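Novice: Next comes the sequence, and after it the predicted model I'd like to discuss.
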Amino acid sequence: MVSRSLNGSAALFHLVLIKPTHYDDDGYPIQWYRSAIPSNTLACLNGLAEDARRREVLGATVELRLDTYDETNRRVRPDRIIRRIRRDGGRALIGLVGVQSNQFPRAVDLARQFLAAGLPVCIGGFHVSGCIAMLPEMPPELRKAQAMGISLFAGEAEGGRLDEVLRDAWNGALKPLYNYMDDLPALDGEPAPILPKNIVRRTSGSLSSIDLGRGCPYQCSFCTIINVQGRKSRYRSPDDLERCVRDNCARGIKRFFVTDDNFSRNRNWEALFDRMIELREEGLDIGFTIQVDTLCHRIPGFIEKASQAGVRRVFIGLENINPDNLLGAKKHQNKITEYRTMLQQWHAAGAITYAGYIIGFPGDTKESILRDVEIIKRELPLDVLEFFMMTPLPGSEDHKKLWEEGAWMDGDLNKYDLDHVVAHHPKMSAAEWDEAYRAAWASFYSGDHVRTILRRIAANPRGRTGTTLSTLLWFRLMVAFEDVHPLEGGGLRRKSRRDRRFGLKRKSRLVFYPRYFAETAVKAWRYAALYRRWRAIHKEVLAAPDRHRYADLATAPPRDDELDTLDLYHATNGGEAALARKRRDDALRDRLTPAEIAPAEERSAAE
C-alpha cells in the first residue's frame with residue numbers, strides 16, 4: 001500500500017544513501033567524530049538523487065525524501081532508520097554506495113537488518129563492479145548477497161541509471177542485478193557531486209569532493225580503476241566544475257578533493273584550471289587537492305597553473321623507486337629519473353606533496369624496502385609518504401590472475417584495505433612483510449626525518465610548515481596509535497558496543513566501556529606526547545638562523561654528476577637500466593624538433 005506524507009498531499013518514498021565503513025581487527029566499525037577523506041561516490045549519488053527529486057522522477061504526486069550517511073563519521077542506526085520510515089509511511093530504498101571490497105562485509109551486515117524489516121536494499125561500488133568486470137563468474141559473496149535478497153548495481157549511476165533503480169524500487173520490482181559495465185556514461189552536463197553540509201562538517205578541513213574525469217589509459221596490474229571506470233577517459237566540463245563549486249560555496253564549503261586518479265591526463269586540465277583561476281579572482285576563497293602522475297611536470301604550464309588555481313596539496317602515484325618493480329606491475333609511465341625534477345617543481349610552487357608507495361612487489365625484501373625508504377628520505381623532497389600493502393584487489397588484473405591460478409588469497413574481504421597481508425609473497429613470510437610495512441612507516445616518520453622535512457619547507461618562501469606538521473602528525477598518529485591507515489583515520493575514534501561484526505559475540509558493558517575509555521585516555525596521552533615533541537622540533541626549525549638558507553641533497557638543484565652518484569639510480573633494482581633509457585631519450589630529444597618530442601615521449605613511456 002502507498003501511504004501519504006504527513007501533509008497528506010503526496011505519496012512518500014524514502015531514499016537512504018549510506019557509505020559504509022569497514023571493521024577493525026576486533027570487529028568494530030572504524031568511525032570518527034571527524035573523518036579524513038570525503039566519499040566522492042556518496043557525493044555523486046547524493047547529487048544525482050537531489051536532481052531526481054527536482055525532476056520528480058517518481059511522479060508529481062510522490063515526495064522523494066533523501067537521507068545521506070557517511071558511516072566513517074556518523075553512526076548508522078538501522079533500527080532508528082526503520083522506525084522513522086515506518087512512522088512516516090511510504091516506500092523506501094536503502095542504497096549502500098561506493099562499497100569497496102573491504103567494506104563489503106559491513107555493507108552486508110547493515111543490509112541484513114534492513115532486509116529483516118522488509119526494506120529493499122541495493123549495493124553498488126568498486127567491489128561489485130570490479131568482480132563483474134574481471135571475473136568469469138560471480139564470486140560466492142555476491143551470490144550469497146543476492147540469495148539474501150540484496151540487489152547489486154555494477155557500473156555508474158549517471159545517464160538515467162539511478163532513475164531506473166528508483167522507479168523499480170517504487171514499484172516493488174528491484175532487479176537482482178543492474179549491470180552497466182559495458183555502457184559507461186558521459187559526465188558532461190550531469191548533476192554535480194555535492195554532499196549535505198552536515199556530512200562535510202564532519203570531515204577534517206570541511207572538505208568535499210568532485211570528479212572531473214573518470215577512466216585511465218594506463219595498464220597498472222594492481223589497479224581497479226582501469227577496469228571499473230574504463231580505459232577511455234570521460235570528462236566534466238568547466239561549466240560543470242563551476243556549478244559544483246558555486247553550489248558548494250553556497251553551503252559554506254570551499255575546499256575540494258579532485259578525485260580523478262590522474263588529473264594531469266585530463267585533456268581539459270587547462271580549461272578547468274582557468275575556470276578555477278577565474279573563480280578565485282572573482283573572490284571565492286577556494287582550494288583544491290589533486291592527484292597526478294610522475295610526468296605531470298613535463299606538461300608546459302601545468303604546475304604553474306595548478307598553483308594559480310589554488311592547488312595546495314598534490315597526491316602523486318610514485319608507487320616505488322625500483323624500476324623492475326614498476327615494470328613488473330605494468331606501470332611503464334613512471335620514470336625514476338623524473339622524480340627529483342618533478343618534486344622540486346611542486347616544492348617551488350608551495351604545494352604539499354603526498355606520494356603513494358607500495359610495499360610487497362615480488363622483488364621486495366625487508367632489507368630492500370628499508371634501504372629504498374632511506375634513499376627516498378635522503379634524495380627526494382617528498383613531504384608525505386603513504387605506504388600501502390601490495391593487495392590483489394578484486395577488479396584488478398593481479399586479482400584475476402591469482403583467481404585463475406587458484407592461488408591462496410585471504411577469504412576475509414574486510415582485510416582488503418591495503419593495510420593487511422592477504423596473499424603470499426615469494427620472498428617474505430607474512431610476518432616479515434608486515435614487519436617491513438610497519439618499519440617503513442616508523443622510518444619515514446621518525447623525529448629526525450620530520451625535522452628534515454620541516455627544514456625543507458621552512459626554507460621555501462611559499463612553504464607552509466604548520467600545515468605540513470599537522471599532516472605529518474596525522475599520518476604518524478593513525479599508524480602508531482590507532483592501527484589504521486591514515487586515509488581511513490580521523491579525529492577521536494568512536495566505538496559502539498552494539499555494532500560489532502555479525503557473528504562476533506557482543507562484549508558486556510563491564511568489559512567494553514572500561515576498555516574503550518582506557519584506550520581513549522592512553523591514546524590521548526600518547527597523542528599529546530608526540531605533539532609536544534614534534535611541536536618543539538617545529539619551533540626549533542622556525543628559529544634556526546640558517547632557516548632560509550637550508551638546502552640538502554633532495555632540494556639542491558640538479559648537478560651534472562648526480563646521475564652517476566645518486567643511490568636512486570644505482571642501488572635499486574633496475575636503476576642502471578632506467579638511467580640508460582634516460583640517456584637514450586635525452587639524446588633522442590636533442591635531435592628532435594619540439595613537435596616531435598611529445599610523440600617520442602609517449603612511445604618511450606609505453607615501452
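Specialist: Ah, there it is. Residues are numbered from 1 along each chain as shown.
Novice: Which positions in the lengthiest helix in the chain come out as buried?
Specialist: Identified as the longest helix of the chain according to DSSP state H is helix 509-543. Going by neighbour count (16 or more other CB atoms under 10 Å), the buried part of helix 509-543 is 512, 516, 523, 527, 530, 534, 537-538, 541. Heads up, the C-betas are built off the backbone N, CA and C, glycines and all.
Novice: Could you list every helix and strand that it packs against?
Specialist: Counting contacts by 3 or more CB pairs under 8 Å, 6 or more residues apart in numbering; DSSP states H and E, helix 509-543 packs against helix 447-458, helix 465-477, strand 490-494.
Novice: would you list every one of the helices in the stretch 251-400 of the chain?
Specialist: 269-281, 302-308, 323-328, 336-348, 366-379, 397-405 (DSSP state H, counting those that start in this stretch).
Novice: Quick one: closest of the ones you listed to K507.
Specialist: Nearest of the helices of the stretch 251-400 of the chain to K507, taken as CB to CB: helix 397-405 at 34.3 Å.
Novice: Now do the buried residues in the next helix or strand after that closest one.
Specialist: Beyond helix 397-405 in the direction of the C-terminus, DSSP states H and E gives the next helix or strand as helix 430-444. The neighbour-count check on helix 430-444 (16+ other CB under 10 Å) flags 433-434, 436-437, 440-441, 443-444 as buried.
Novice: Stretch 147-162 now?
Specialist: Result for stretch 147-162 [16+ other CB under 10 Å]: buried residues 150-159, 161-162.
Novice: Could you work out the end-to-end span of that stretch for me?
Specialist: By CA to CA, to the nearest Å, the extent of stretch 147-162 from end to end equals 23 Å.
Novice: Could you tell me how far that stretch lies from the centre of the chain?
Specialist: 22 Å (CA atoms, centre = their mean, to the nearest Å).
Novice: what's next to it, contact-wise?
Specialist: In this structure, residues lying in contact with stretch 147-162 by CB atoms under 8 Å, 6 or more residues apart in numbering are 44-45, 48-49, 52, 108, 111-112, 115, 120-124, 128-129, 132-133, 142, 145-146, 165, 174-181, 183-187, 190-191, 214, 229.
Novice: hmm, back to that, so which of the buried residues of helix 430-444 would you say is closest to T555?
Specialist: Distances from T555 to the buried residues of helix 430-444, taken by CB to CB, are shortest for F444, at 16.8 Å.
Novice: ok, and the closest non-adjacent residue to the closest one?
Specialist: L385 (5.0 Å; CB to CB, 6 or more residues apart in numbering).
Novice: I figured the one you found hits H449, correct?
Specialist: No: with contacts counted by CB atoms under 8 Å, L385 stays clear of H449, the gap being 9.7 Å.
Novice: So those two - more neighbours on which side?
Specialist: For L385 versus H449, neighbours defined as other CB atoms under 10 Å are more numerous around L385 (23 against 18).
Novice: Mind pulling the model confidence for that one?
Specialist: If you check L385, the pLDDT there is 96.
Novice: could you measure it against T353, distance?
Specialist: For L385, the distance to T353 equals 9 Å [CB to CB, to the nearest Å].
Novice: Any stretches of the stretch 501-607 of the chain with poor pLDDT?
Specialist: Within the stretch 501-607 of the chain, the stretches with pLDDT under 70 are 573-583, 585-607.
Novice: before we move on, back to that, the longest helix of the chain: how far from the chain's middle?
Specialist: On CA atoms, centre = their mean, the centre of helix 509-543 falls 26 Å from that of its chain.
Novice: re earlier: worst average pLDDT in the helices and strands packed on helix 509-543?
Specialist: If the helices and strands packed on helix 509-543 are sorted by mean pLDDT, strand 490-494 sits at the bottom with a mean of 92.
Novice: And that strand, what does it pack against?
Specialist: strand 31-35, helix 509-543.
Novice: roughly how far apart are the closest residue to Y180 other than its chain neighbours and M389?
Specialist: Counting by CB to CB, 6+ apart, Y180 lies nearest to G155, which is 3.0 Å off, once chain neighbours are set aside. From G155 over to M389 the distance is 28 Å, taken as CB to CB.
Novice: Run a quick neighbour tally on the nearest residue to T21 once chain neighbours are set aside.
Specialist: Excluding its sequence neighbours, the residue lying closest to T21 (CB to CB, 6+ apart) is E71, at 4.4 Å. Other residues within reach of E71 by the criterion other CB under 10 Å amount to 24.
Novice: what about the helices in the stretch 1-150 of the chain?
Specialist: 40-55, 78-88, 104-116, 126-134, 140-148.
Novice: picking up where we left off before, wait, the residue nearest to T21 touches I18, no?
Specialist: Yes: counting by CB under 8 Å, E71 touches I18, with 6.3 Å between them.
Novice: what do these two both touch?
Specialist: Counting by CB under 8 Å, 6+ apart, nothing touches both E71 and I18.
Novice: ok so, going back, list the contacts for the residue nearest to F444?
Specialist: Counting by CB under 8 Å, 6+ apart, the residues that L385 touches are 354-355, 357, 373, 376, 444.
Novice: before we move on, back to that, and of the helices and strands packed on helix 509-543, who's closest to Q219?
Specialist: Taking the helices and strands packed on helix 509-543 one by one with CB to CB, helix 465-477 is closest: 29.5 Å.
Novice: buried residues in that closest one?
Specialist: 465, 468-469, 471-477.
Novice: And for stretch 183-194?
Specialist: Within stretch 183-194, the residues scored as buried using 16+ other CB under 10 Å are 184-185, 187, 190-194.
Novice: So which residues make contact with it?
Specialist: Stretch 183-194 is contacted by residues 40, 43-44, 46-48, 50-51, 155-156, 158-159, 161, 208-211, 213-215, 229-230, 232, 234-237, 240, 243-244, 247-248, 251 when judged by CB under 8 Å, 6+ apart.
Novice: For L64, name its beta-bridge partners.
Specialist: With DSSP bridges applied, L64 shows beta-bridge pairing to F13.
Novice: And A442, how far from L370?
Specialist: A442 is 10 Å from L370, by CB to CB.
Novice: Equivalent analysis for T467, please.
Specialist: 28 Å.
Novice: Next up, the contacts around A145.
Specialist: 108, 111, 123, 152.
Novice: excluding its backbone neighbours, what's nearest the first one?
Specialist: Put plainly, it is V108. Nearest to V108 is A145, by CB to CB, 6+ apart, at 5.8 Å.
Novice: State the distance from that neighbour to V128.
Specialist: In this view, A145 and V128 are 9 Å apart by CB to CB.
Novice: ok, now Y235?
Specialist: Separation of Y235 from V128 (CB to CB): 25 Å.
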